[in-house]
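**Q** What follows is a protein structure lacking sequence information:
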């Protein structure tokens, strides 16, 4: 089985050079690498097709794989991610089943990231933030899924062609729409395998991380109406309910002392959960500073997601407005 590794990028940078080095070490022979930057570069990448596209979005760049890729399976990888040596070998086993159209795996925070990046990774890999979706950030058990991000996603090329590629009106969120079409329109499977692993450099806390979260939340809020099959789930509403709970805390003391005591009790439980998540980050990275940043980061992530999810619910049109 031949794979085509597809990497969209604005420009050839240090991350893509690092990824290219790790791709060279893959213990699999039959693959090609295609990188789509906005413009050409003098930086050389080993055994890689570099195809300048002009200033277009990531989904549009990935769609060009229909034209250029020679592999049976498209392996979508973000430019700031790099694969473990057995990435392709482990993914290949699943495509022996003709009912499997796509495969995804965890995108783990590299241990050599900065403290602010590690804290961002700790936020995403905390159940307090990602709930049942933490398997996207740390290895978990194998399962079938109905939605998976393109940071680490394999799709059969013929399936990708049949669906017309990504719906480029959505970014982020084009991967959600593609996965929905795979599972609902075609009735095929998407498999999550913890051994199909890549390492993903995080956007550091606070501003870059929160900006990314705001885009995700805006998209998901809109998708609750547009694609309820994958997005109308209770867990996505919790940060917004939490935001309303925090706002209520400013008014509850005026209404009732008893109500304020109850509010304070619930908030204390939340703080205890937050402290536990922060201690887990300290244990994982053996760094108290990462734990402190994670404590603040989870709280701000909840507030940011909750606010922008509500904004997404109120959006009336798809497209750039949704992408934020």
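**A** Cool, got the structure. Please read these numbers as outputs of a predicted model, since none were measured by experiment. Residues are numbered from 1 along each chain as shown.
**Q** what's the closest non-adjacent residue to the residue nearest the centre of the chain?
**A** By Cα atoms, centre = their mean, the chain has its centre lying nearest to residue 149, at 4.8 Å. Among residues not flanking residue 149 along the chain, residue 175 sits closest, at 5.3 Å (Cβ to Cβ, 6 or more residues apart in numbering). (Each C-beta comes from the backbone N, C-alpha and C, glycine too.)
**Q** any low-confidence regions in the stretch 201-324 of the chain?
**A** For the stretch 201-324 of the chain, the stretches flagged by pLDDT under 70 are 317-324.
**Q** show me where it has helices.
**A** Applying DSSP state H, counting those that start in this stretch to the stretch 201-324 of the chain gives helices spanning 207-226, 228-231, 234-248, 252-255, 257-285, 288-314, 320-323.
**Q** Kindly reformat those helices as CSV and extend each row with mean neighbour count.
**A** Formatted as CSV, the helices of the stretch 201-324 of the chain follow (neighbours: other Cβ atoms under 10 Å):
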stretch, mean neighbour count
helix 207-226, 20
helix 228-231, 16
helix 234-248, 15
helix 252-255, 13
helix 257-285, 15
helix 288-314, 21
helix 320-323, 16
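**Q** Report the distance from stretch 262-277 to the chain centre.
**A** Averaged C-alpha coordinates place stretch 262-277 at 27 Å from its chain's average position (Cα atoms, centre = their mean, to the nearest Å).
**Q** contact partners of it?
**A** 122, 126-129, 242, 245, 248-249, 252, 294-295, 298-299 (Cβ atoms under 8 Å, 6 or more residues apart in numbering).
**Q** Of these, which is the nearest to residue 25?
**A** Here the nearest of those to residue 25, counting by Cβ to Cβ, is residue 122; it sits at 27.3 Å.
**Q** In space, what's closest to the closest one - neighbours in sequence excluded?
**A** In space, residue 122 is closest to residue 281, 3.7 Å off (Cβ to Cβ, 6+ apart).
**Q** For stretch 132-147, buried residues please.
**A** Residues of stretch 132-147 classed as buried under the neighbour-count rule (16 or more other Cβ atoms under 10 Å) are 133-139, 145, 147.
**Q** Actually, stretch 102-116.
**A** For stretch 102-116, by 16+ other Cβ under 10 Å, it's 102-110, 113, 115-116.
**Q** Helices - which of those land there?
**A** Mapping the buried residues of stretch 102-116 onto helices (DSSP state H) picks out 115-116.
**Q** from the buried residues of stretch 102-116, which single one is nearest residue 204?
**A** Closest approach between the buried residues of stretch 102-116 and residue 204, by Cβ to Cβ: residue 116, at 3.5 Å.
**Q** Please report how far that closest one lies from residue 208.
**A** As judged by Cβ to Cβ, to the nearest Å, residue 116 and residue 208 stand 9 Å apart.
**Q** Ok, residue 265 next?
**A** From residue 265 to residue 208 the distance is 35 Å (Cβ to Cβ).
**Q** do residue 161 as well
**A** Distance, residue 161 to residue 208, using Cβ to Cβ: 35 Å.
**Q** Likewise for residue 177?
**A** Here residue 177 is placed at a distance of 25 Å from residue 208 (Cβ to Cβ).
**Q** cool, residue 241 as well?
**A** Distance from residue 241 to residue 208, by Cβ to Cβ: 26 Å.
**Q** before we move on, what about residue 11?
**A** With Cβ to Cβ as the criterion, residue 11 and residue 208 are 17 Å apart.
**Q** again with residue 111
**A** For residue 111, the distance to residue 208 - Cβ to Cβ - is 20 Å.
**Q** Kindly report the same for residue 50.
**A** Distance of residue 50 to residue 208, given as Cβ to Cβ: 26 Å.
**Q** repeat for residue 197
**A** For residue 197, the distance to residue 208 - Cβ to Cβ - is 24 Å.
**Q** What about residue 52? Give its phi and psi, please.
**A** Phi and psi for residue 52, reported as degrees, to the nearest 10, are phi -60, psi 140.
**Q** That one against residue 38, yeah?
**A** Yes. Applying Cβ atoms under 8 Å as the test, residue 52 and residue 38 come out as touching, 6.7 Å apart.
**Q** Between those two, tell me which one has more neighbours.
**A** residue 38 (16 against 11; other Cβ atoms under 10 Å).
**Q** So for the more buried one, what's the pLDDT?
**A** For residue 38, the pLDDT comes out at 93.
**Q** One more: residue 176?
**A** Reading off the model, residue 176 has pLDDT 87.
**Q** does it sit in a helix or strand, and which one?
**A** Using DSSP states H and E, the element containing residue 176 is helix 174-180.
**Q** quick one: strands adjacent to the next helix-or-strand element following that helix?
**A** Sequence order places strand 189-192 as the next helix or strand after helix 174-180, per DSSP H and E. Applying DSSP bridges, strand 189-192 is found paired with strand 100-104 (parallel), strand 143-145 (antiparallel).
**Q** Output those as JSON lines; include the columns mean pLDDT and distance to residue 68.
**A** Shown next, in JSON lines, are the strands paired with strand 189-192 (pLDDT from 0 to 100; distance: least, Cβ to Cβ, whole Å):
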{"stretch": "strand 100-104", "mean pLDDT": "98", "distance to residue 68": "20"}
{"stretch": "strand 143-145", "mean pLDDT": "97", "distance to residue 68": "28"}
